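In: sharing a model that was predicted from the sequence below.
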Amino acid sequence: MLVADLMEYKCPCCGGKIEFDSGLQKMKCPFCETEFEIDTLRDYDNVLRESEAAPNEMEWHETPDEWSGTDAEGMSVYVCNSCGGEIICDDTTAATHCPYCGNPVIMMGRLKGALRPDYVIPFKLDKEAAKAAFASHLKGKILLPKAFKTDHHIDEIKGVYVPFWLFDTDSNARITYRATKVRTWSDSRYNYTETRFYSVDRGGSVSFEHIPVDSSSKIPNDLTESLEPFDFSQAVDFQTAYLSGYLADKYDVSDDQCVTRANERVRQSTEKEFRETVTGYNTVKTENVNIQLVNSKAKYALFPIWLMTTSWNGQQYLFAMNGQTGKFVGNLPCDRNAWFRWLCGVAGVAAAAMLGICYLIWLA
């Protein structure tokens, strides 16, 4: 475990902590309410870049005796510039809060060199919007236990900048299909069916930009993918000011490790695009697929996500909201008794409908 340096944004008017305000899209001091344009804090990022080549003048010391080797592995200690308290975090944390004074802090060493993101999509929605989305998510769920709405406990709500690799590539594809056209007719004696078989060939290229792949091992990929799409047109060049007041992780899964998942998404999308061009047939079956990916490259970005954990009945549930669009996802518990009653109700309606149809047939 090591001691390293922090960056904190201080208000030049009153000395209070300043954070990024998602509603204003500016930095704001909550004490004197002074607002700052993001560009006015660009000098901080210039200092960050210059520090990449500067020698490390901080004093590094060994892990305290009370920490075992296993406990200290992958952990770092930062000293808060405001209160002097020690901030202990793992080696993927890039921004957090001091647990003693609450000041937002940014781990400079986690955002230098190859670890420095190319882009960031700033938060557009705040914590209150996340709470409202959670309440809305519970509405209309007829199989949700009634007690969950009143007895669940929100353990934590946190805005996190999650690291993503963004892949660009061109997909050159040639796909062949086996298709049929079926024609039926009849005369006074027979019913006829004519089936014609076709070999359909498609070839071409599809370009893909900014295919996101979650590069944090802490968050399930299916959760982050379910929050898509993110609007990349609102992405900006990375500045550390956007992280102030939020949590942020650096990637711990490399682009080489993520490229397989990106390639699979490209292949699925390419096959879907090509398949949609094969029309006018009764049946279509893919026979052969040849897809080559060229001109591939990857960029590093941080995307805004609100994470919420709740506990109920001895279990924890994870929910997430896209901090840009407000899309909300998460699994909910199911009331088995309510499910059984609903199933019986559906079966009863289906049985009543069948009896009605049989009665009408009998009358006819």
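Out: That came in fine, so what should we check first? Numbering: from 1, shown residues only.
In: so which elements touch the longest strand seen in the chain?
Out: For the chain, the longest strand by residue count, based on DSSP state E, is strand 153-186. Secondary-structure packing of strand 153-186 (3 or more C-beta pairs under 8 Å, 6 or more residues apart in numbering; DSSP states H and E): helix 127-138, strand 191-214, strand 247-249, helix 255-275, strand 283-312. Any C-beta I mention is one placed from the backbone N, CA and C, and that applies to glycine too.
In: TSV for those, including distance to Lys17, mean neighbour count and mean pLDDT?
Out: Converted to TSV, those look like this (distance: least, C-beta to C-beta, whole Å; neighbours: other C-beta atoms under 10 Å; pLDDT from 0 to 100):
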stretch	distance to Lys17	mean neighbour count	mean pLDDT
helix 127-138	17	15	89
strand 191-214	29	13	95
strand 247-249	15	22	86
helix 255-275	34	16	93
strand 283-312	20	17	92
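In: let me have these in JSON lines, adding distance to Cys13 as columns.
Out: Below are the helices and strands packed on strand 153-186 laid out as JSON lines (distance: least, C-beta to C-beta, whole Å):
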{"stretch": "helix 127-138", "distance to Cys13": "25"}
{"stretch": "strand 191-214", "distance to Cys13": "38"}
{"stretch": "strand 247-249", "distance to Cys13": "26"}
{"stretch": "helix 255-275", "distance to Cys13": "42"}
{"stretch": "strand 283-312", "distance to Cys13": "27"}
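In: out of these, which is closest to Gly159?
Out: strand 283-312 (5.4 Å; C-beta to C-beta).
In: okay, the angle between that closest one and helix 127-138?
Out: 110 degrees (axes from the mean of the first three to the mean of the last three C-alpha atoms, to 10 degrees).
In: buried sites along the next helix or strand after strand 283-312?
Out: Counting by DSSP states H and E, the next helix or strand C-terminal to strand 283-312 is strand 315-322. Buried residues in strand 315-322, counting neighbours by 16 or more other C-beta atoms under 10 Å, are found at Tyr317, Phe319, Ala320, Met321, Asn322.
In: from these, pick the one nearest Gly204.
Out: Scanning those for proximity to Gly204, where the rule is C-beta to C-beta, the winner is Asn322, at 32.2 Å.
In: residue contacts, the closest residue to that closest one other than its chain neighbours?
Out: Computed as C-beta to C-beta, 6 or more residues apart in numbering, the closest residue to Asn322 that is not its neighbour in sequence is Leu227, at 4.5 Å. Counting by C-beta atoms under 8 Å, 6 or more residues apart in numbering, Leu227 makes contact with Ile305, Ala320, Met321, Asn322, Lys327, Val329.
In: what backbone torsions are found at Leu227?
Out: phi -90, psi -10 (degrees, to the nearest 10).
In: what residues are bridge-paired with Arg202?
Out: Legend: beta-bridge partners of Arg202 under DSSP bridges are Ile175.
In: what residues are up against it?
Out: Going by C-beta under 8 Å, 6+ apart, Arg202 touches Ala173, Arg174, Ile175, Thr176, Tyr177, Phe274, Thr277, Val278.
In: next, find the distance separating the third one from Thr270.
Out: Counting by C-beta to C-beta, to the nearest Å, the gap from Ile175 to Thr270 is 8 Å.
In: okay, and the common contacts of the two?
Out: The contact lists of Ile175 and Thr270 share Ile291, where a contact means C-beta under 8 Å, 6+ apart.
In: Asp201 against Ala173, yeah?
Out: No. Using C-beta atoms under 8 Å, Asp201 is not in contact with Ala173; the gap is 11.2 Å.
In: what is the neighbour count of Tyr242?
Out: 25 (other C-beta atoms under 10 Å).
In: state whether it is indeed within a helix.
Out: Yes. Assignment of Tyr242 by DSSP: H, G, I helix; E, B strand; the rest coil places it within a helix.
In: among the buried residues of strand 315-322, which has the minimum pLDDT value?
Out: Least confident of the buried residues of strand 315-322 in the model: Tyr317, at 84.
In: show me what that one bridges to in the sheet.
Out: Thr310.
In: show me the contacts for it.
Out: Tyr317 touches His152, Thr309, Thr310, Ser311, Gly330, Asn331, Leu332, Pro333, counting by C-beta under 8 Å, 6+ apart.
In: list the buried residues in the longest strand of the chain.
Out: Buried-residue list, strand 153-186, by 16+ other C-beta under 10 Å: 157, 159-167, 169, 171, 173, 175, 177, 179.
In: what's the pLDDT at the closest residue to Phe36 other than its chain neighbours?
Out: Using C-beta to C-beta, 6+ apart and skipping residues adjacent in sequence, the residue nearest Phe36 is Met27, 4.1 Å away. Note for Met27: predicted pLDDT of 81.
In: now do the contacts for the nearest residue to Asp252 once chain neighbours are set aside.
Out: Leaving aside its sequence neighbours, Asp252 sits nearest to Thr92 (C-beta to C-beta, 6+ apart; 4.9 Å). Contact partners of Thr92, counting by C-beta under 8 Å, 6+ apart, are Arg110, Ser216, Lys218, Asp249, Lys250, Tyr251, Asp252.
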